[in-house]
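Peer 1: Coordinates for the following, if possible.
(one chain, ligands or ions: 1)
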Amino acid sequence: MNKVVLITGAAGGIGSAIALKLAQSGYDVVLNYLSSETKALELKEKIIEEYKVRCLAIKADVSKEDEVEAMFSLIEKELGGVDILINNAGIDHPDMFYRKNAEDFRKILDVNVVGAYNCANEAYKHMKEKEYGRIINIASTNGINTYYPMCFDYDASKAALISLTHNLAIQFSPYVNVNAIAPGFIGTEKELEGYDEEFLKQESEKILVKRYGRPDEVASLVKFLISDEADFINNSIIRIDGGQAGSC
Ligand code: NAP
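Peer 2: Next up is the predicted model:
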């Protein structure tokens, strides 16, 4: 029987790359989405047709406990439970520091941190019973370094996600390995659309390999970290950023 992987925010740039890579590698995949229903359903069809693995697409807001519980119950019923969880769902609303408020801050923490906690908490029930599990939290180099005060809330959320990773690794030991990946600038369609050419050029110059990363490169790292070859990697934060310089 294939292992079952749940990817949150799976219709987005990095999430869909992870889903495709893992389906191609023979995992059964569950695509969680919030608003991108059409994209999620198209991805599901593609995965089933091309890779012949089992695939579900489930709408749930990860920040809401009841929706997360319902999602895990459905997965348990249809596929027997989640063996591997990829906490990828995340939001970021860059804006001038003075234009942000506590409510915006709370929303980001709710999705990026509490959302990851909600999913890990549910996933652990099955993982504990099976005495096996892998959890990967998609953090960010912004959780380690500070680049722009426009993203202070996002940065704080990713730093908290890194801290949560360490705590979950201790709490879920010895059967569940919990690691975080901290990507730098990854050129998803959305990310590239959001900035002008000049800014993108300047940002690439700050990266030692002089380019931004690709979603499939993050997906390859996920694939390795959940494989048996990475069994001894636990409680770690792994950067994938091309050698990013220039924190302030
Ligand atoms: P993205 O395209 O915006 O994907 C994020 C996904 O999160 C969206 O598809 C969205 O789903 C989902 N999401 C948002 N709120 C949700 C909620 N409450 N419940 C469930 N799903 C929710 O962004 P991305 O660039 O692929 O980023 C993926 C992850 O990598 C994020 O955690 C991000 O912080 C992290 N990251 C990205 C970069 C980068 O350069 N791109 C760098 C470092 C870290 P719907 O579309 O269905 O609403």
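
Peer 1: Next, the nearest residue to G80 once chain neighbours are set aside: phi, psi?
Peer 2: The shortest distance from G80 to any non-neighbouring residue, by CB to CB, 6 or more residues apart in numbering, is to V4 (6.7 Å). Every residue, glycine included, has its C-beta placed from N, CA and C. The phi/psi pair for V4 (degrees, to the nearest 10) reads phi -100, psi 130.

Peer 1: Make residue 1 into 22 and carry on from there
Peer 2: Sounds good: first residue 22 from here, last item V25.

Peer 1: Number of residues surrounding V25?
Peer 2: Neighbour count of V25, defined by other CB atoms under 10 Å: 23.

Peer 1: what sits against the most centrally placed residue in the chain?
Peer 2: Here the mean C-alpha position of the chain is nearest to the C-alpha of N109 (CA atoms, centre = their mean), at a distance of 1.6 Å. Neighbouring residues of N109 by CB atoms under 8 Å, 6 or more residues apart in numbering: 28-31, 33, 35-36, 39, 159.

Peer 1: just L189 next, same as before
Peer 2: 141, 156, 197, 199.

Peer 1: cool, and E97?
Peer 2: H147.

Peer 1: What strand or helix carries it?
Peer 2: Under the criterion of DSSP states H and E, E97 resides in helix 86-100.

Peer 1: again with I183
Peer 2: In the assignment (DSSP H and E), I183 maps to helix 173-192.

Peer 1: Does that helix reach the ligand?
Peer 2: No. Helix 173-192 lies apart from the ligand when judged by CB under 6 Å from any ligand atom; the minimum separation is 6.8 Å.

Peer 1: What segments of the chain are strands?
Peer 2: Remark: strands assigned in the chain by DSSP state E are 25-28, 49-54, 76-80, 105-108, 154-159, 197-204, 258-261.

Peer 1: Redo those as TSV? Include mean pLDDT.
Peer 2: TSV is the format used below for those (pLDDT from 0 to 100):
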stretch	mean pLDDT
strand 25-28	98
strand 49-54	98
strand 76-80	98
strand 105-108	99
strand 154-159	98
strand 197-204	98
strand 258-261	98
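
Peer 1: can you put those in a markdown table and add distance to the ligand?
Peer 2: Converted to a markdown table, the strands of the chain look like this (distance: least, CB to the nearest ligand atom, whole Å):
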| stretch | distance to the ligand |
| --- | --- |
| strand 25-28 | 10 |
| strand 49-54 | 4 |
| strand 76-80 | 8 |
| strand 105-108 | 8 |
| strand 154-159 | 4 |
| strand 197-204 | 4 |
| strand 258-261 | 9 |
